[in-house]
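Asker: Provided below are the primary sequence and the corresponding predicted coordinates.
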Number of protein chains: 2
Amino acid sequence: MSWAEETLASLQAAGHRSGGARRAVVDVLSRQGCCLSAQQIFDELREQGRPIGAASVYRILDLLVESGRVQKLDLGSSTAYYEPVWDDGHHHHVVCDACGRVDAFDDPELERALVRAQKRLGYTSATHELVLRAACDDCYELAGRPSG
Amino acid sequence: MSWAEETLASLQAAGHRSGGARRAVVDVLSRQGCCLSAQQIFDELREQGRPIGAASVYRILDLLVESGRVQKLDLGSSTAYYEPVWDDGHHHHVVCDACGRVDAFDDPELERALVRAQKRLGYTSATHELVLRAACDDCYELAGRPSG
DNA sequence: GTCAGTGCAAAGCTTTTGCAGCGCG
DNA sequence: CGCGCTGCAAAAGCTTTGCACTGAC
């Protein structure tokens, strides 16, 4: 069962009706997979010829976040980003200080350290959000990296 | 030399003039120490009887962030928070999912894990920003914690 | 005296709210 | 056939920009 199917099913199970806009937003999210802003979703759907309203995008994203199907990300800009929560573990993001590019990364050891820290602090059911800031490969080369 | 003194000195060394508003903002930051919003700084200074403009607060905070004296924090709300960068290491924050309360914490082992992860990812000069989301002690008790 | 720094007001951008109509169940 | 979902438009909230004036150097 795909993320999109699971998501729609869980909403239906929670007593929500399934309008066209909601299916469309879930579809865009599942196709992109990582770091979409509300505006990007809005634009994408408009391009597809679907006359969605901005308010609907925000309302749907809120619902998805509340029901735990989507994670809201603050990457440092004034815009919020959203991405599906996959069953097989989550990842974090590196934002380029220079050009704003966003890359995802996944580090099991770091993940374990984060969980240990949460336990040590007494938070048993905590979630975490981690953003690294660094020069991305391109900008690093432009700036002149140590060995070349 | 205090953080405020160091900050003003470094700005002067960089060729900036020292206006009253800037000194006032640096003063408020150094006194509070952790997690102030632009609005809070604005209000605090107005209460003190100093007719500062909101634009000045934002301009000054930007300058301080650019010069590395202040860190800008995204804690999940639509408001940005600011705090001095102290010489003796930094800390992270736990935001209460229920009431929004913010606590600071400091975990050397986690810090080492983060640095190791950054190196492993190839980012030698990266910074990081970590936000934990959990129920704070008060909300945890209200919700009924496992042992009473 | 010059120009960075400043305060005020207005604009900009993302997000939220109000409301009337549509359509899922 | 009721009520949740939706789109549009307007409003709200945080932050930035424009501009004239002040004051540091």
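Answerer: Now that the structure is in, tell me what you want to look at.

Asker: make it CA atoms for all contacts and neighbour counts henceforth
Answerer: Will do.

Asker: Tell me who's in contact with residue A:128.
Answerer: A:114, B:130, B:131, B:132, B:133 (Cα atoms under 8 Å, 6 or more residues apart in numbering or on different chains).

Asker: Same question for residue A:58.
Answerer: Counted by Cα under 8 Å, 6+ apart, residue A:58 has contacts residue A:38.

Asker: now swap in the one 4 residues further on and tell me
Answerer: Applying Cα under 8 Å, 6+ apart, we find residue A:62 in contact with no residue.

Asker: Assign it to helix, strand or coil.
Answerer: What DSSP: H, G, I helix; E, B strand; the rest coil gives for residue A:62 is helix.

Asker: Let's see the pLDDT reported for it.
Answerer: pLDDT for residue A:62: 97.

Asker: domain parsing for chain A?
Answerer: Chain A breaks down by automatic domain parsing into domains covering A:1-87, A:90-148.

Asker: DNA strand D: which of the ones you listed is closest?
Answerer: The minimum distance between DNA strand D and the domains of chain A falls on domain A:1-87, with 3.2 Å, by Cα to the nearest atom of the strand.

Asker: does DNA strand D sit close to the closest one?
Answerer: Yes. Using Cα under 7 Å from any atom of the strand, domain A:1-87 reaches DNA strand D at A:15-23, A:50-57, A:60, A:78.

Asker: From those, list the ones also adjacent to DNA strand C.
Answerer: Within these, those near DNA strand C by Cα under 7 Å from any atom of the strand are A:17, A:18, A:19, A:20, A:54, A:55, A:78.

Asker: Keep only those of the residues you listed that are in helices.
Answerer: A:20, A:54, A:55 (DSSP state H).

Asker: Going by neighbour count, which residues of the strand ranked longest in chain A are buried?
Answerer: Determined from DSSP state E, the single longest strand within chain A is strand A:127-134. For strand A:127-134, the neighbour count (16 or more other Cα atoms under 10 Å in any protein chain shown) marks A:128, A:129, A:130, A:131, A:132, A:133, A:134 as buried.

Asker: mind listing what's buried in the helix or strand following it?
Answerer: Per DSSP states H and E, the first helix or strand lying C-terminal to strand A:127-134 is helix A:137-143. Across helix A:137-143, burial judged by 16+ other Cα under 10 Å covers residue A:139.

Asker: Check residue A:148 and give its pLDDT.
Answerer: On the pLDDT scale, residue A:148 gets 46.

Asker: Revised request: answer the last question for residue A:74.
Answerer: In this model, residue A:74 carries a pLDDT of 92.

Asker: Equivalent analysis for residue A:123, please.
Answerer: pLDDT, residue A:123: 86.

Asker: quick one: contacts for it?
Answerer: B:134, B:135.

Asker: SS state for it?
Answerer: coil.

Asker: just to revisit the earlier point, of the contacts of residue A:128, which is the nearest to residue A:68?
Answerer: residue B:133 (13.6 Å; Cα to Cα).

Asker: Could you verify my assumption that that closest one touches residue A:127?
Answerer: Yes. Here residue B:133 reaches residue A:127: they are 5.2 Å apart, a contact under Cα atoms under 8 Å.

Asker: intersection of neighbour lists for those two?
Answerer: Joint contacts of residue B:133 and residue A:127 (Cα under 8 Å, 6+ apart) do not exist.

Asker: Mind putting the domains of chain A into a markdown table with distance to residue B:36?
Answerer: Shown next, in a markdown table, are the domains of chain A (distance: least, Cα to Cα, whole Å):
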| stretch | distance to residue B:36 |
| --- | --- |
| domain A:1-87 | 16 |
| domain A:90-148 | 20 |
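
Asker: The ones you listed: lowest mean pLDDT?
Answerer: Among these, domain A:90-148 scores lowest, with a mean of 85.
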